[in-house]
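[1] no sequence on this one, just coordinates:
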């Protein structure tokens, strides 16, 4: 049974956030976990409803526990994901408002916790990969990602987003180095890194190696993560760059 059937039975988030913030967070996670899959299955109305409920819950949690930056970051991601749904359904103006609110929220989080790698990476990821390209800022994304890897050199997620940002600014050599660093760290097989390597090698002019990485990742995506929204966008970008076509 879908989690969304249970939405009306969720308790009021205000007392939950005040007395047990971790429980309140789990309720929000319960709401949002299926959103990428619903979007991939074109069940956009359900995905949008879940995200709007998540935004409502997170807004109350932020209001009642203003000292906790994690809730602000999660609110930012719910706003961002709503923007993704709105963009995918042709509501670009509403999507832009959601993306703008998400980025502004993360800016506030980063002002509160300026050296936290997690929040540096979150803002960098939005600035490097937002589907509404007017909100992308690759040079700043590189700056944020470099700060993140300096503070968390063993976090593969930080190296992954650094590689994507460096590809965006047209520095394929640095992008490849960052992505390879991400793959060397333990327990982090990541299709986004592999797609980034494919695109960076193509940008560098090494088309054969680009195709090797592309061919390696496509089967993995289709088997394990066919519904991942960001992977889908990066895959389409890679296919456009390499002259590939998705199967019908």
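    Structure's in. What do you need? In this text, all values refer to a predicted model and were calculated from it rather than measured experimentally.

[2] lowest confidence element among the helices and strands of this structure?
    Lowest by mean pLDDT, DSSP states H and E among the helices and strands of the chain is helix 13-19, with a mean of 40.

[3] pop the domain breakdown of this protein in here.
    8-114, 123-248 (automatic domain parsing).

[4] would JSON lines of the ones you listed with mean neighbour count be doable?
    Where C-beta positions appear, they are placed from N, C-alpha and C, glycine not excepted. Formatted as JSON lines, the domains of the chain follow (neighbours: other C-beta atoms under 10 Å):
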{"stretch": "domain 8-114", "mean neighbour count": "18"}
{"stretch": "domain 123-248", "mean neighbour count": "19"}
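
[5] any idea which of these scores lowest on pLDDT?
    Looking at these, the lowest mean pLDDT belongs to domain 8-114 (a mean of 75).

[6] can you tell me how far residue 45 sits from residue 112?
    Using C-beta to C-beta, to the nearest Å, residue 45 is found at 35 Å from residue 112.

[7] typo on my end, it should be residue 138
    In terms of C-beta to C-beta, residue 138 sits 25 Å off from residue 112.

[8] same thing with residue 180?
    Here residue 180 is placed at a distance of 33 Å from residue 112 (C-beta to C-beta).

[9] now swap in residue 69 and tell me
    Applying C-beta to C-beta, the value for residue 69 to residue 112 is 5 Å.

[10] repeat that for residue 147.
    Using C-beta to C-beta, residue 147 is found at 15 Å from residue 112.

[11] what residue is smack in the middle of this structure?
    Residue closest to the average C-alpha location in the chain (C-alpha atoms, centre = their mean): residue 125, at 6.1 Å.

[12] and what about it, helix, strand or coil?
    Three-state call for residue 125 (DSSP: H, G, I helix; E, B strand; the rest coil): helix.

[13] would you agree it is in contact with residue 161?
    Yes. The criterion here is C-beta atoms under 8 Å, and residue 125 meets it with residue 161 at 5.1 Å.

[14] what residues do these two have in common as contacts?
    Shared contacts of residue 125 and residue 161 (C-beta atoms under 8 Å, 6 or more residues apart in numbering): residue 141.

[15] need phi/psi at residue 205.
    Dihedral pair for residue 205: phi 110, psi 0, per degrees, to the nearest 10.

[16] mind checking how far it is from residue 176?
    12 Å.

[17] what do those two both touch?
    What both residue 205 and residue 176 touch, as defined by C-beta under 8 Å, 6+ apart, is an empty set.

[18] mind listing what the closest residue to residue 92 other than its chain neighbours touches?
    Of all residues beyond its chain neighbours, the one nearest residue 92 is residue 132 (7.1 Å), with distances taken as C-beta to C-beta, 6 or more residues apart in numbering. By C-beta under 8 Å, 6+ apart, the contact set of residue 132 is 83, 87, 92, 95-96, 99.

[19] from those, which single one is nearest residue 217?
    The closest of the contacts of residue 132 to residue 217 turns out to be residue 87 (C-beta to C-beta; 24.0 Å).

[20] from what I see, the closest one and residue 95 are in contact.
    Yes. Between residue 87 and residue 95 there is a contact at 4.0 Å, judged by C-beta under 8 Å.

[21] joint contacts of these two?
    Going by C-beta under 8 Å, 6+ apart, residues that sit against residue 87 and also against residue 95 are 131-132.
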